[in-house]
Structure formats: C-alpha cells, structure tokens
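**Student:** Return atomic coordinates for the entry below.
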Amino acid sequence: MNYKLQYKKWLEEPSLLKEEKEQLKKMNEAEIEEAFYTDVDFGTGGIRGILGLGTNRINLYTIRKATLGLANFLIKENELNGVAISYDNRYFSYIFAKEAAMVLASQGIKSFLFDELRPTPMLSYAVRHFKASAGIMITASHNPKEYNGFKVYNKTGAQLNVLEATKVMEEIKNINSPFNIKTTDNDLIKIIKSDFDDLYLKEVESISLLNLKREIKIVYSPLHGTGGTVIPKLLEKNGYDVNPLLKQMIVDPSFSNTKSSNPEDNDAYIESLKYGKEINADIIFLTDPDADRLGVSVLHQGKYHNLTGNQTASIMLYYILSVKEQPDGFVYTTVVTSNLIKDIANFYHKKIGETLTGFKFIGEQAELIKGKDNYIFGCEESYGSLVKDFVRDKDAVQAVYLLSEIANYLKINNKTLIDYLNEIYEKFGFYADKTVSLTFKGIKGLTKIKDIMKHFRENDLNLESFTISNKIDYINGHVNPHNIILPSSDVIKYESEDGFIVLRPSGTEPKLKIYYLVKDDALTKAYLKLENIEKELNKIINLV
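**Tutor:** I've put the predicted structure just below:
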C-alpha cells in the first residue's frame, strides 16, 4: 500500500471534519507511514490497534468499515437475527458501539446494544440469550490506553471461527472506502438495560459447588473497567466481604490510578496490594478492562503472592474435579498452557481437548460437543478460563466467583491457595512457568519478529539446559494427539520430557511471546532451570 497516496486521499476527503484534517497535517513523516502503510488488520477475532486517524488505526471510519463488512457477511449468509453489542471503558468505546449499531440499522439489521459498559463474557451471553446472529465487543482487552478494538462473535457466542473470519475479512476488503458509509439511528437499535445483569449473574451463581459460611476478606479492582459493573454486587449478594478499590472502580479511559491495565503485569497490583495490606485481605482479584481475564494475589504467611494464569487454572480445575464428582467430558487447554492441566484431567479420567492459543478455539470446541459430550472446564495460560459454557469466551466473573469459593473453603480448613497449590505440586510434580513478551515496535519491529521466527523454523534450537524431544511447527496446521485439527498458525513449539518452549508472535500487539514450562522435583529447582533456559534463548534471539 502506498502510504503517501492514502494519506493524500484522507487529507482531501470532503467528509472529514476540519479538526481531523488539522490532526493529519500535524503528523510527521514517520507517523504518516505508521498510520497509512497498511489497513488495520482484521485477524481471526476482529481488529485491535492504536487509536488515531489513518487506515492502520482504530477510528470512526475503520469501525464503520469493519461493521459494514460484518453486515454484508451476515446478509449473504442469511443470518439476520440481529447483533448484540457491548463495550468497555476505553476512549470512544460507546461512540464506536453506537456507530456500529447505526451502520447495522442502515442495512436493515437490528442490534441489542448495552446501555452501559459491560464485560466481554456478558456480550457472549447476550448473543446466546437473544439468539442473535453475531456479537460485537468494542474493547482492546488488556492493552494500554492508546488502543481500542472491535471483537466479533458468531451466533454460538464464541469469537468467529477461522472460516467465518476469512469471509468477513473478504467483505471488508471489498469496501473501497471507509468514508460515506451509511448510518441510521432508528428502532432497530434495541437497548439492553441493567436488569439483564440478573439473568447472567444467576447463571454465574450456578457454578458453585459448596455453600459454606463466608470467612474470607476480598479486595477487588476492575482496573477502571467493566468488571466493576457486576462483580462487587455478585459477591456482596452471596455474602462475601468484598472491598472494592474505589479509586480503580471509576470508569476511566486514561487508567489514571493504575500503572498497568493488564493483570499479567505486577504493576497492575500496586494499589490493590497497598489496600490489601491495610485491611488484611485474604485474597486480591483484578480483572482486566473487559473482564475476561483475572489476576489473583494471595495472602500466605504474611506476604502476598501473585499467581500465574497456569497456577490459577490448575487450582480451579483440581477443585472442580476433586470436591464433586463430575460427569465424563472434556477439559480444554491450549498448546501454550501448562501440562499440569493435562495431568489433573488425566488423573480424574477426563478427556482432554488441546487447541491453539485464543479462547475462540475453546469456544468453538464447546459448541462442537454440544449434545454429544460434556464441557467441564477450559483455560489458557494468559489468565483466562471458562467454568461453565453458558458463555463461550473466557469469563473472569465466573473465575472470581469460583475462586472466592475455593479460597473460602480453604480458609475454613486453615489453608491458603498457596498451600493448595503446593498439594497439587506434590501430587503431580513441581511446574515452573513463565511468559515473556518481547516488544518490537513499528514496521521495523514486525520485520524483526518475522526474522526471529524464520531463524527458528530453519535452525535447530541448541540449548545446554533444554533437551528437545519433539518440535512442532504449526504453520501448516497440525492434528494433535486429541484429534482436534488445528489450523495454520505462526507458532513453533519445542517439547522436552519435562516441559516446553513456545515462540508465537502476538496477534494483537507488536510482540513476540515466548512461553516456558519446566517440571522438576522442587519448585526452586524448576525455576532455576527455567531461568537458565531463558538466558540461553535470549542470547540466540539477540544475534538474529
């Protein structure tokens, strides 16, 4: 794409506002190139990018274009039962959500639009509840404040599958211009009011396994996002002593009172930990802005310990399978999630489904087994899980509710989640895991990431601290041992007898993600081994 030509087209576009043209004129050459060298990418789940003007940015025009592409897809597929729409706290989220509804209305398609921000899992639930043909979530999930996005769901409540996403991409590409796309504000736009919360929360309450006296003290933060609309009232209604961190309960697109909007980052916990120490809370929960991911910090022997996504998921699965007998069925995991999930599932004689990274694949599998088998649990390492599949995406509201129950159950028995985790390790082996994100910004960064992946495709990984037993390159697809056909993905996995290393470019950020898993007979030994492996791999990456 000729970025200079695209920039000129935007500057000369009659429908652009005067202030928008002034913003374009203030761009320097590098900013123009970054904003116009390509179209913002519609991946297998939607678009996500930096806010601003340009073809490679999230703005009113790219949102309208994406919505019209979705509308054209739905019309061709004769899927005309409407589109559920929700949004988070980010800049322009409500504006983008309303614009999407108005684009759909102009094409004769009704929408179900939340009147206030609500979590991603509630959007998934709304698609299923209203028997809608699709869903749109305006969110950039856990990304920094400069981002926003447009996540698309199919009629099952899961994110678009690969074939559907490809068709929507084609429809978007067939739209010549993002300008002068029709919008209509009429009665095809149906408003979802706050009483809808009760329907969803009643389903969440159904995941409870034990009803015991409430003993624990909880600190909760939505990190300025959507979780604050439903999680405190859910916990309060069910008798928990929940203490919301008030300065992060404010709906704020600037994320003014947190250093990070991502519960995977330790910086996200700074204020919650201060508050937790003040009131001697037993557990701290953080949900990301669209409340599909959950971070957990546990008070143990006088100190707070932040759990990884793998640890949290392992605790939840072990509790579900050990406290109450479950029917035969599937536990779903991903190619980058800890092998401990498989160990626990195997011990309790449950079937395992392993998918690519991205909860859309777990949501897709839940639909495929409907009426044939039972969904028991699904998780991925990036702090996401789904306890019951009345939702078809990861659901931090369910996770908070179940982990509150687990922490409460353990406190009654004079234990913490750390004690529980150690019991799991004693039974199945001590797993150390770590996810590293290497950021490479801009056009040069994308080239660097491609060079690194090319290097590892063409060369063996020779590390003193890691003995390879198997290499899997998912670029041409893969049929895993559980007979799930995995589509092509830019992922390379090196397996050893006691763990793995996985390299995967992020689909939503300019990052290369590296996943490490090591098993040993003691946790300290496992983490030491992991540290050595990471040092060796970093030396190779720095030379590429």
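**Student:** Ranking helices and strands of this protein by mean pLDDT, which lands last?
**Tutor:** strand 478-479 (a mean of 85; mean pLDDT, DSSP states H and E).
**Student:** The helix or strand just after it - what's its average pLDDT?
**Tutor:** Downstream of strand 478-479, the first helix or strand assigned by DSSP states H and E is strand 485-486. Strand 485-486 shows a mean pLDDT of 88 in the predicted model.
**Student:** Can you give the strand pairings for strand 485-486, parallel or anti for each?
**Tutor:** Sheet pairing of strand 485-486 (DSSP bridges) gives strand 478-479 (antiparallel).
**Student:** how close does L234 get to E205?
**Tutor:** To E205, L234 is 8 Å away according to Cβ to Cβ, to the nearest Å. C-betas here are computed from N, CA, C, even on glycine.
**Student:** Can you name the residues in contact with the least confident helix or strand of the chain?
**Tutor:** Where contact means Cβ atoms under 8 Å, 6 or more residues apart in numbering, the residues beyond strand 478-479 that reach it are I472, I485, L486.
**Student:** Quick check: beta-bridge partners of the first one?
**Tutor:** Going by DSSP bridges, I472 is paired in beta bridges with K493.
**Student:** So what's the residue count around it?
**Tutor:** By other Cβ atoms under 10 Å, 15 other residues sit near I472.
**Student:** In this structure it contacts I492, no?
**Tutor:** Yes: between I472 and I492 there is a contact under Cβ atoms under 8 Å: 7.4 Å.
**Student:** So what's the gap between stretch 31-38 and the chain middle?
**Tutor:** Centre-to-centre, stretch 31-38 and its host chain are 27 Å apart (Cα atoms, centre = their mean, to the nearest Å).
**Student:** Now do the residue nearest to Y91 when sequence neighbours are not counted: how many residues are near it, please.
**Tutor:** Closest residue in space to Y91, ignoring its immediate chain neighbours: P253 at 4.4 Å, by Cβ to Cβ, 6 or more residues apart in numbering. The tally of other residues near P253 (other Cβ under 10 Å) stands at 17.
**Student:** pLDDT score for P253?
**Tutor:** pLDDT recorded at P253 is 98.
**Student:** Tell me which residues of the one helix or strand D197 maps to come out buried.
**Tutor:** Applying DSSP H and E as the criterion places D197 in helix 196-205. By 16 or more other Cβ atoms under 10 Å, the buried positions in helix 196-205 come out as F196, D197, Y200, L201, E203, V204.
**Student:** quick one: average pLDDT of that helix?
**Tutor:** Helix 196-205 shows a mean pLDDT of 98.
**Student:** Moving C-terminal from it, which element do we reach first?
**Tutor:** According to DSSP H and E, the helix or strand after helix 196-205 is strand 217-221.
**Student:** Can you tell me which helices and strands the strand or helix carrying I533 packs against?
**Tutor:** Using DSSP H and E, the element containing I533 is helix 523-543. Helix 523-543 sits against strand 430-439, strand 511-520, with contacts defined as 3 or more Cβ pairs under 8 Å, 6 or more residues apart in numbering; DSSP states H and E.
**Student:** pLDDT at the closest residue in space to E497 that isn't next to it in sequence, what is it?
**Tutor:** Nearest non-adjacent residue to E497, counting by Cβ to Cβ, 6+ apart: S469, 5.6 Å away. We have a pLDDT of 95 for S469.
**Student:** what does D498 give?
**Tutor:** 88.
**Student:** OK, contacts around it?
**Tutor:** Counted by Cβ under 8 Å, 6+ apart, D498 has contacts G429, V518, K519, D520.
**Student:** Going by distance to N180, which of those residues wins?
**Tutor:** Distance to N180 across the contacts of D498 (Cβ to Cβ) is lowest for V518, with 55.8 Å.
**Student:** Pull the residues that contact the helix holding D197.
**Tutor:** For helix 196-205, the external contacting residues (Cβ under 8 Å, 6+ apart) are 114, 118, 121-122, 125-126, 129, 229-230, 233-234, 237-238, 388, 390, 395, 397-398, 401.
**Student:** One more: stretch 102-114?
**Tutor:** Residues from elsewhere that reach stretch 102-114 (Cβ under 8 Å, 6+ apart): 64, 67-68, 71-72, 74-75, 80, 82-87, 97-98, 100-101, 122-123, 126, 130, 132, 181-186, 188-192, 196.
**Student:** Mark which of these are buried, thanks.
**Tutor:** 64, 67-68, 71-72, 74, 82-87, 97-98, 100-101, 122-123, 126, 130, 132, 181, 183, 188-189, 192, 196.
**Student:** Okay, and which of those residues map to helices?
**Tutor:** Here DSSP state H is the test, and those give 64, 67-68, 71-72, 74, 97-98, 100-101, 122-123, 126, 196 as lying in helices.
**Student:** Pipe the residues you listed into a markdown table and attach distance to V298 per row.
**Tutor:** Output for those, formatted as a markdown table (distance: Cβ to Cβ, whole Å):
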| residue | distance to V298 |
| --- | --- |
| R64 | 45 |
| T67 | 42 |
| L68 | 47 |
| A71 | 46 |
| N72 | 49 |
| L74 | 45 |
| A97 | 36 |
| K98 | 41 |
| A100 | 40 |
| A101 | 41 |
| M122 | 27 |
| L123 | 30 |
| A126 | 33 |
| F196 | 33 |
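**Student:** Those: which two are farthest apart?
**Tutor:** N72 and F196 (28.6 Å).
**Student:** just to revisit the earlier point, quick one: which of the ones in helices among the buried ones among the contacts of stretch 102-114 is nearest G43?
**Tutor:** T67 (16.2 Å).
**Student:** show me what contacts that closest one?
**Tutor:** Listed by Cβ under 8 Å, 6+ apart, the contact set of T67 reads E99, A100, V103, L104, I136, F150.
**Student:** Try it again at 10 Å.
**Tutor:** 83, 85, 96, 99-104, 106-107, 109, 111, 136, 150, 152, 172, 181, 183 (Cβ atoms under 10 Å, 6 or more residues apart in numbering).
**Student:** next one: A396
**Tutor:** Contacts of A396 (Cβ under 10 Å, 6+ apart): 119-121, 222, 226-227, 231, 263, 285-288, 290-295, 383-386, 403.
**Student:** Let me see the domain layout of the protein.
**Tutor:** Here the domain assignment for the chain is 38-194, 215-306, 310-394, 430-543, based on automatic domain parsing.
**Student:** Counting neighbours, what do you get for E33?
**Tutor:** By the criterion of other Cβ under 10 Å, E33 has 17 neighbours.
**Student:** what sits against the closest residue to T62 other than its chain neighbours?
**Tutor:** Take T62 and drop its neighbours on the chain: the residue closest to it by Cβ to Cβ, 6+ apart is V40, 5.4 Å away. Shown in contact with V40 (Cβ under 10 Å, 6+ apart): 47-50, 54-59, 62-63, 65-66, 149-150, 172.
**Student:** My understanding was that T258 contacts L223; is that so?
**Tutor:** Yes: here T258 reaches L223: they are 5.3 Å apart, a contact under Cβ atoms under 10 Å.
**Student:** what sits in contact with each of those two?
**Tutor:** L245, Q248, D252, A268, Y269, E271, S272, L286.
**Student:** Let's verify the third one: helix, strand, or coil?
**Tutor:** On the three-state scheme (DSSP: H, G, I helix; E, B strand; the rest coil), D252 is labelled coil.
**Student:** pLDDT value on L446, please?
**Tutor:** Per-residue confidence (pLDDT) for L446: 85.
**Student:** can you give me the angle the strand or helix carrying it makes with strand 511-520?
**Tutor:** Using DSSP H and E, L446 falls within helix 442-458. If you take axes from the mean of the first three to the mean of the last three Cα atoms, to 10 degrees, helix 442-458 sits at 40 degrees to strand 511-520.
**Student:** right, and I341 touches E354 too?
**Tutor:** Yes: if you go by Cβ under 10 Å, I341 and E354 touch, sitting 9.3 Å apart.
**Student:** which of those two has more neighbours?
**Tutor:** I341 (27 against 22).
**Student:** How about the secondary structure of the closest residue to the more buried one other than its chain neighbours?
**Tutor:** In this structure, I341 finds its nearest non-sequential neighbour in T333, 4.5 Å apart by Cβ to Cβ, 6+ apart. Put simply, T333 is strand when judged by three-state DSSP.
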